[in-house]
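1. Need coordinates for the below:
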Amino acid sequence: MTGALVNFLLTVFYYFMMIELRKSKRLFLSSLMLLFMTAGLFSQEPGDLRLLDWKPKSMLVVKETQVVMPKYPVIDFHNHLRRLENTETYLEEMDKAGVWITVSLDGGQENDFYREHLRVSNSVSRDRFLVFFRPDFSRID
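-> Residues are numbered from 1 along each chain as shown. Coordinates of the predicted model:
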């Protein structure tokens, strides 16, 4: 709505309320309050307040704790290691992050991949990798 149209509508509303004043003072006062509230809503130009321009400053003050290593052993229970040639690198990263055991969900039955996955994982570390077997349900009739 343009500003002129809004002003016209507010003026008509004001005169209508002046006529109604004689009928009910409470209705007049509540309508007058509504008039001033809506006038403020429509008086702003479009684009006065944009979300992109809003840059709030946090007033939250809390103690910051740097957690370098976990307090207790970590088990990564859902992982897809996929590339078996990187298994030694995975183990190094696990040591850096404090991960005790990783469970790989890539032990697929297709082409007996789970056997290769077990062989490579056990050759790098027998106790640090668990491989979940995933059957190929397309071969079940």
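2. Which element, helix or strand, includes Phe113?
-> Secondary structure assignment for Phe113, by DSSP states H and E: helix 113-124.
3. Which strands or helices does the next helix or strand after that helix pack on?
-> Beyond helix 113-124 on the C-terminal side, the first helix or strand identified by DSSP H and E is strand 129-134. Contacting strand 129-134 under the criterion 3 or more CB pairs under 8 Å, 6 or more residues apart in numbering; DSSP states H and E are the following elements: strand 99-108, helix 113-124. No exception for glycine: its C-beta is placed from N, CA and C like everyone else's.
4. I'd like to know which of the ones you listed is closest to Phe137.
-> strand 99-108 (11.1 Å; CB to CB).
5. Give the buried residues for that closest one.
-> Judged by neighbour count using 16 or more other CB atoms under 10 Å, the buried positions of strand 99-108 are 99, 102, 104, 106-108.
6. For His78, give me its contacts.
-> 103, 105 (CB atoms under 8 Å, 6 or more residues apart in numbering).
7. Same check on the one 10 residues further on?
-> If a contact means CB under 8 Å, 6+ apart, then Glu88 has Val124 as its contacts.
8. Give me the below-cutoff pLDDT ranges for this protein.
-> By pLDDT under 70, the low-scoring segments of the chain are 1-9, 12, 14-49.
9. Helices of that one, start to end?
-> Assigned by DSSP state H, the helices in the chain fall at 3-21, 25-42, 87-97, 113-124.
10. Am I right that Glu110 is in contact with Pro135?
-> No: Glu110 is beyond contact range of Pro135, at 9.8 Å (criterion: CB atoms under 8 Å).
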